[in-house]
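Student: predicted model follows, preceded by the sequence.
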Amino acid sequence: MTKYFSSLNQDINLPVLKELRKKAVEDDVPIIQEDGLRFIRQLLTIKKPKRILEIGTAIGYSTIAMALFSDAFITTVERDEMRANEAKMNIEEAGLSDRIQLIKGDALEIDITQFKAVDILFIDAAKAQNIKFFEQYQSLVKEGGLIITDNLLFHGLFDEEVDSRNVRQLLRKINDFNEYILDRKGYDTVIYEIGDGMSVSIKKGGNR
């Protein structure tokens, strides 16, 4: 087990990823936690995807990591123009512009007919919109493909532990998504207590 974890640590500690993690901390940009990234790396190793669609690019950390962990072509969508511009620069500096397509825009307003079918859909954007993201993009996922959603446990907080009304509302929306995804017909879903919580939904045959 120790040797196994060492191999995963080597990958997530590649210089480009360490530098992006440092930049994210300095600029207070939320990115996927390290254990979550290890988990995704392992899923990519098993699934060997050819195409990945990511909703929520931020500065490009997880996008670049997935490109480094696989041979997939990745399309990623980011609505914040400043972060999208920074992500574009980071992708270029990583030498991955030929394998990563960055689209600036609101993922809920984009015409999805421009996208090809994907093996993995990774949702890592506004938590309150997870159900909408799932419903809008799930048709692009191939049979047997994965839908991975991050930030489902929100740092382990519960309703009774927070005073902020906005945070309580967000927690309820996260809980609504968790119930939605576990009850969603046509998918086998497990929610893992990894990082801030991550679900993996396997798309079964005949589901559109």
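Tutor: Okay, I see it.
Student: going forward, measure contacts between C-alpha atoms and count neighbours the same way
Tutor: Will do.
Student: which elements pack onto the helix ranked longest in the chain?
Tutor: For the chain, the helix with the greatest residue count under DSSP state H is helix 165-183. With contacts taken as 3 or more CA pairs under 8 Å, 6 or more residues apart in numbering; DSSP states H and E, helix 165-183 sits against helix 130-137, strand 187-192.
Student: send me that helix as CSV with only the CA atoms.
Tutor: Once non-C-alpha atoms are left out, helix 165-183 reads as follows in CSV (Å, rounded to 0.1, in the frame of the first residue of the first chain):
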residue,chain,number,x,y,z
ARG,A,165,-28.2,31.6,5.9
ASN,A,166,-26.5,31.5,2.5
VAL,A,167,-24.2,28.6,3.6
ARG,A,168,-27.2,26.7,4.9
GLN,A,169,-29.0,27.1,1.6
LEU,A,170,-25.9,25.9,-0.3
LEU,A,171,-25.7,22.9,2.0
ARG,A,172,-29.3,22.1,1.3
LYS,A,173,-28.7,22.3,-2.5
ILE,A,174,-25.7,20.0,-2.2
ASN,A,175,-27.8,17.6,-0.2
ASP,A,176,-30.5,17.8,-2.8
PHE,A,177,-28.0,16.9,-5.5
ASN,A,178,-26.7,14.0,-3.5
GLU,A,179,-30.2,12.6,-3.1
TYR,A,180,-30.9,13.3,-6.8
ILE,A,181,-27.8,11.5,-8.0
LEU,A,182,-28.2,8.5,-5.8
ASP,A,183,-31.8,8.1,-6.9
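Student: tell me if I'm right that S97 and N90 touch.
Tutor: No. Here S97 lies out of contact with N90, judged by CA atoms under 8 Å, at a distance of 9.5 Å.
Student: which of the two has more residues huddled nearby?
Tutor: N90 (19 against 16; other CA atoms under 10 Å).
Student: other SSEs contacting the helix or strand that contains that one?
Tutor: Assigning secondary structure by DSSP states H and E places N90 in helix 81-93. For helix 81-93, the helices and strands in contact under the criterion 3+ CA pairs under 8 Å, 6+ apart are strand 100-104.
Student: counting by contacts, list what the helix or strand following the strand it packs on packs against.
Tutor: From strand 100-104 onward toward the C-terminus, using DSSP H and E, the following helix or strand is strand 118-123. Using 3+ CA pairs under 8 Å, 6+ apart as the contact definition, the elements that strand 118-123 packs against are strand 51-55, helix 130-137, strand 141-150.
Student: what's the burial count for the residue nearest to N90 when sequence neighbours are not counted?
Tutor: Using CA to CA, 6 or more residues apart in numbering and skipping residues adjacent in sequence, the residue nearest N90 is G60, 6.7 Å away. Neighbouring residues of G60 were enumerated by other CA under 10 Å; the total is 26.
Student: also K50?
Tutor: Applying the criterion other CA under 10 Å, we find 15 residues in the vicinity of K50.
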